[in-house]
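[1] The following comprises the amino acid sequence and a computationally predicted model.
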Amino acid sequence: MCKWKQVVVGSMAALVAMMLIFGEENARSAATAGAEPAPPAGQTYTGSKKCASCHFAQFMLWKKGKHSKTFDLLPAKYQKDPKCLDCHSTGFGEATGFKDITSTPSLAGNTCENCHGPGSKHEEVCKPFAKLKKLTAVQEKAARDSIWLLLPGNVCVKCHVTKAHKESETPKELRTAD
């Protein structure tokens, strides 16, 4: 498949995924809306289990997908390699991001926070809404403004720059065959 077709197919897949996860209306408004406000500064990574406490359906979709297993795909000798951890973990290189599987197991793999950014303030802002069935417009805005719908820039391309490591610095034994 030529490069431009891969880009089109990849973009469509991302939009479909957004629609499945966030609902068609939210995905459409995210795609057409202007820049969203930046969430509060100073956030820390919390891990996918914290996200699951309020976003269980989305968590279960993620858990069944490949992104949740990216760290597990790494052979043991690469599970400490910074070149690998940048794409196979969450927040690697950040103060509160992935360090190693022993001390930060909830940040292994590509978790919610790889796409949405660190979630500590979102968790803090939304805690009072946990038992509510429906949020008011003000509550919804407070929740929405405390975390990115999607981080700015093309966060997917950061890791998906080459398909299945074929043209990257990935060791030959880890590359997939055509």
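    Nice, I can see it.
[2] And stretch 36-54, end to end?
    22 Å (Cα to Cα, to the nearest Å).
[3] neighbouring contacts of that stretch?
    The set of residues external to stretch 36-54 that reach it, using Cβ atoms under 8 Å, 6 or more residues apart in numbering, is 30, 58-59, 62, 68, 90-91, 94-98, 104, 106-107, 111-113, 117-123, 126, 130, 144-149. Backbone N, C-alpha and C define where each C-beta goes, glycine included.
[4] From residue 160, how far out is residue 42?
    Residue 42 sits 29 Å away from residue 160, taking Cβ to Cβ, to the nearest Å as the criterion.
[5] what do you get for residue 154?
    Separation of residue 154 from residue 160 (Cβ to Cβ): 9 Å.
[6] go on, residue 96?
    Distance from residue 96 to residue 160, by Cβ to Cβ: 24 Å.
[7] What of residue 62?
    With distances taken as Cβ to Cβ, residue 62 is found 16 Å from residue 160.
[8] Neighbour count for the two, which is higher?
    More crowded of residue 62 and residue 160, by other Cβ atoms under 10 Å: residue 62, with 21 against 13.
[9] Isn't that one up against residue 112?
    Yes. The pair residue 62 / residue 112 is scored as a contact, 6.8 Å apart, by Cβ atoms under 8 Å.
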